[in-house]
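Engineer: Output the structure for:
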Amino acid sequence: MNDYDELKQIYGPVISSYTTAQAGADGFLIDISNMNLYFRGLPINIVTRAVWETFREYTTYEPATDDNNVARFLKTALQEKLKEPQYIRGSGDLFILPGNLWLRPNELRGWTLMSPEDN
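Structural biologist: Have a look, this model is predicted:
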């Protein structure tokens, strides 16, 4: 029995689900797969809107309204932060990066960069 079947047996069928595609269409998630950032062999391919906007606020590139500049700043910052990940035991692959950023596996065979509040 896999984890899904076990949970279904305990809690019953899923009533509602919210996919990565739906969250992307709603603007809650942003595809950053074109940045070519990898962690543990998988791409960091999704970032939450809240984290993106935080990086926009602190970008050192002008103008901060240009998404390409935000992406460049995010990539530069993440390359440094990825050098110091902290694994949280028993969390099911939750890694914390400096600045209280979380990396969690996603359904697109990659990682989602998020803040704890986005969970």
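Engineer: can you tell me which residues contact Glu53?
Structural biologist: Under the criterion of CB atoms under 8 Å, 6 or more residues apart in numbering, Glu53 has no neighbours. From N, CA and C alone the C-beta is placed, and that goes for glycine too.
Engineer: so it, which of the three states?
Structural biologist: Under DSSP: H, G, I helix; E, B strand; the rest coil, Glu53 falls in the helix class.
Engineer: Kindly state the pLDDT recorded for it?
Structural biologist: Per-residue pLDDT puts Glu53 at 93.
Engineer: Over to Lys75: give its phi and psi.
Structural biologist: With angles defined as degrees, to the nearest 10, Lys75 sits at phi -60, psi -50.
Engineer: What does the residue lying closest to it once chain neighbours are set aside show for phi and psi?
Structural biologist: Among residues not flanking Lys75 along the chain, Met35 sits closest, at 4.9 Å (CB to CB, 6 or more residues apart in numbering). Dihedral angles of Met35 (phi, psi; degrees, to the nearest 10) stand at phi -80, psi -20.
Engineer: ditto for Trp111
Structural biologist: Backbone torsions of Trp111, given as degrees, to the nearest 10, read phi -120, psi 150.
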